[in-house]
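>>> Can you look at this prediction? I've put the sequence above it.
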Amino acid sequence: MSGKTLYDKLWEDHVVYTEDDGSSLIYIDRHLVHEVTSPQAFEGLRLAGRKPWRQSRNLAVADHNVPTTDRDQGIADPVSRLQVDTLDQNCAEFGITEFDMGDVRQGIVHVVGPEQGATLPGMTVVCGDSHTSTHGASGALAFGIGTSEVEHVLATQCLMQKKAKNMLINVNGQTGPGVTAKDIVLAIIGKIGTAGGTGYTIEFAGSAIRSLSMEGRMTVCNMAIEAGARAGLIAVDEVTIDYYRDRPYSPKGEDWFMAERLWQRLHSDADAVFDKVIEVDATAIKPQVTWGTSPELVVAVDQHIPDPALETDPVKQKSMLRALDYMDLKAGQAITDIWLDKVFIGSCTNSRIEDLRAAAAIAKGRKVAANIKQALVVPGSGLIKSQAEAEGLDKIFIEAGFEWRDPGCSMCLAMNADRLEPGERCASTSNRNFEGRQGYGGRTHLVSPAMAAAAAVAGHFVDISTWEGQ
Amino acid sequence: MKAFTKVTALVAPLDRANVDTDAIIPKQFLKSIRRAGFGPYLFDEWRYLDHGEPDMDCSDRPLNPDFVLNKPEYQGAEILLTRENFGCGSSREHAPWALEDYGFRAIIAPSFADIFYNNCFKNGLLPIALPADVVDSLFKELTEGYQLTIDLALQKITTPSGREIGFDVDENRKYRLLNGLDDIGLTLQHADEIKAYEAARAKRAPWLFAD
Ligand code: SF4
């Protein structure tokens, strides 16, 4: 018998029972809750007279609708305010811990979970949000769910699931200068496409993944969903264990040593068999920039926008033409000739301390270009914000002309007041460049934090691997 | 979830094909944070002459007298008779929420959109797909006060003249509806297994069960 993959191990550890048709009831160790996808689930509980199965396994935080300025004045938009107030009331009524808007621990749910040690290696983690895949970076099985399932987890601490297939993406070799976790994952999506991982759980492995920090690994797993996979995974190693030592919700004392021993086995066996294996050469990856309205429409910064006329697949050709039209770009145009209106550094993909440091290193002693109407830096959590301020990063950003904001999803999806106006073009460190994602008619280019900061300074995209600044 | 065993009820005819979920419950109602209370806004654009908004008091809104559900003879109808591809369009679960909240228990049509069909079962509604000519015969014989009896256990519809019409339903879904079990109710039947799992796991990973 061949060995097991990491996914096989995590799955088997959580099966409560399996039905004849192969679907299994899976135990959920951690349920993260936010204000957008939970109100009907709580209402369902209330209507059925049910209680949460285990209150302590739920952790709630408002992130999508919260303002990133003038917090003390509350939320101006009534629809946003109602969603956040409803979360507060539901958490109070059902006895669920919530980091509210005034709590320094508040932030984007996928940043807060690992930061608090609330999501740990070996856990099953779910949230009514597709970017729950982020938590797979710690060797946890983590995926997004719908509102009916949110209610199901609240009431039973379990979910009915069918097992996905196993995919391994090996990224080997030393990355070049200016190439980050974001560039690695964008290059992977460019290679396998946004449906490439559909039906699979993707394990990211190889020396280039191993040498990433936990923050970088979270960036990679965050975008597994953009590659079509509900869950992304990275095996546990010393980097993982070091990261979780002494987090507020991490196991303590004897439990910590027990956990460490248990977590050591969270890797695929050497003889494990995957349904699909993809090899990626890290040495060939350059800083990436998306040019279209799907994350797979991506090229290296030193390249030109591809010509749809050369695309042989008529469906792809049509989507390329539509993307060029929406983005107001031309085939053959150099990426470095794309000028921008706004810059957004933030989101659950790239708002951690390492991301802010990378952006600040570029911004330091420089100025945001005159054509940039707004450059936002939105930390992923209140704790990251304080840490950055302790390191003086806020001053660097503010002196360079960036706006330093309070934590939340912000312009990643423009549910609060931060948004693009029709036709505006933005370099964004978030994860989705869909039509209208950052505001109606807005145009999004996905990049790494350093690339976004450099674009803010130059006013257009520049290749940070060769750029000398100005 | 309400159990569905045998229902004898008044039938309302909605003689339209391809009724989409946006017609069943228009998109402005999706901003609601509620799950109940969509009944007054069911078919909002057809039912009322003004434009509906969430939280509107519907009691003094101008009704469209031509819309079938507004006719006096169909008040209290619990079975909706309609045409093919009912529930197409957006996947919103608000559509079955609204139908159920209004008081419908079953929908009879030649065909249903896939996601809508699934969502009905999650919310205590029985969608019954019958051959188009059978549905047509029901439309033809429907007169004032027309009632049907739907027996889910026997998978049989009985008309006022005593005609019996069989229908298909997936065994698993039938079981859930008959017993009023939603997915949560079904999982909770395994509560002991969940607790046994927790006890075993707590030995290996006590920190997950410390509180
Ligand atoms: S930052 Fe963006 S992608 Fe992440 S949870 Fe918030 S809205 Fe979703």
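That came in fine, so what should we check first?

>>> Every contact and neighbour count from this point should use C-alpha atoms.
Noted.

>>> ok, now how distant is the residue most central in space within chain B from B:Leu99?
Most central in chain B under C-alpha atoms, centre = their mean is B:Leu125, positioned 3.3 Å from the mean C-alpha point. Computed as C-alpha to C-alpha, to the nearest Å, the B:Leu125 to B:Leu99 distance reads 8 Å.

>>> list residues touching both of those two?
Residues touching both B:Leu125 and B:Leu99 (C-alpha atoms under 8 Å, 6 or more residues apart in numbering or on different chains): there are none.

>>> ranges for the strands of chain B?
With strands called from DSSP state E, chain B shows them at B:6-14, B:79-82, B:106-109, B:126-129, B:147-151, B:156-158, B:164-166.

>>> Low-confidence stretches in chain A?
A:470 (pLDDT under 70).

>>> Contact residues of it facing chain B?
Residues of chain A lying near chain B by C-alpha under 8 Å from any C-alpha of the partner chain: A:16-17, A:27, A:29, A:39-40, A:43-44, A:48, A:56, A:79, A:83, A:86, A:152, A:155-156, A:251, A:255, A:258-259.

>>> Got a quick ChimeraX command for the buried subset of these?
Buried subset of those, written as a ChimeraX selection, criterion 16 or more other C-alpha atoms under 10 Å in any protein chain shown:
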select /A:16,17,27,29,39,40,43,44,56,83,86,152,155,156,251,255,258,259
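
>>> Tell me where the stretch 1-150 of chain A has helices.
A:6-14, A:39-48, A:78-94, A:109-116, A:147-156 (DSSP state H, counting those that start in this stretch).

>>> Relative to A:Asp302, tell me which of those helices wins on proximity.
Among these, the nearest to A:Asp302 by C-alpha to C-alpha is helix A:109-116 (31.4 Å).

>>> what's next to the one helix or strand in chain B whose mean pLDDT sits lowest, contact-wise?
In chain B, the helix or strand scored least confidently by mean pLDDT, DSSP states H and E is helix B:114-122, which has a mean of 85. Residues outside helix B:114-122 that contact it (C-alpha under 8 Å, 6+ apart) are B:87-88, B:91, B:93, B:95-96, B:126-127, B:173, B:177, B:182-183.

>>> Residue numbers of chain A in contact with the ligand?
Proximity of chain A to the ligand (C-alpha under 6 Å from any ligand atom) is limited to residues A:64, A:108, A:131, A:347-348, A:409, A:412-413.

>>> tell me which of the residues you listed is nearest to chain B?
A:His64 (14.4 Å; C-alpha to the nearest C-alpha).

>>> and that closest one, what does it touch?
Neighbour list for A:His64: A:34-36, A:108, A:408-410, A:413, A:415-416 [criterion: C-alpha under 8 Å, 6+ apart].

>>> With A:Lys191 instead?
So A:Lys191 contacts A:Glu296 (C-alpha under 8 Å, 6+ apart).

>>> cool, B:Tyr48 as well?
By C-alpha under 8 Å, 6+ apart, the neighbours of B:Tyr48 are B:61-64.

>>> Quick one: buried ones out of these?
Among the contacts of B:Tyr48, those buried by neighbour count (16+ other C-alpha under 10 Å) are B:63-64.

>>> quick check: longest helix of chain B.
helix B:191-204 (DSSP state H).

>>> That one packs against which elements?
For helix B:191-204, the packing partners by 3 or more C-alpha pairs under 8 Å, 6 or more residues apart in numbering or on different chains; DSSP states H and E come out as strand A:15-18.

>>> now for the strand it packs on, which elements pack on it?
Strand A:15-18 is packed against strand A:24-27, helix B:191-204, with contacts defined by 3+ C-alpha pairs under 8 Å, 6+ apart.
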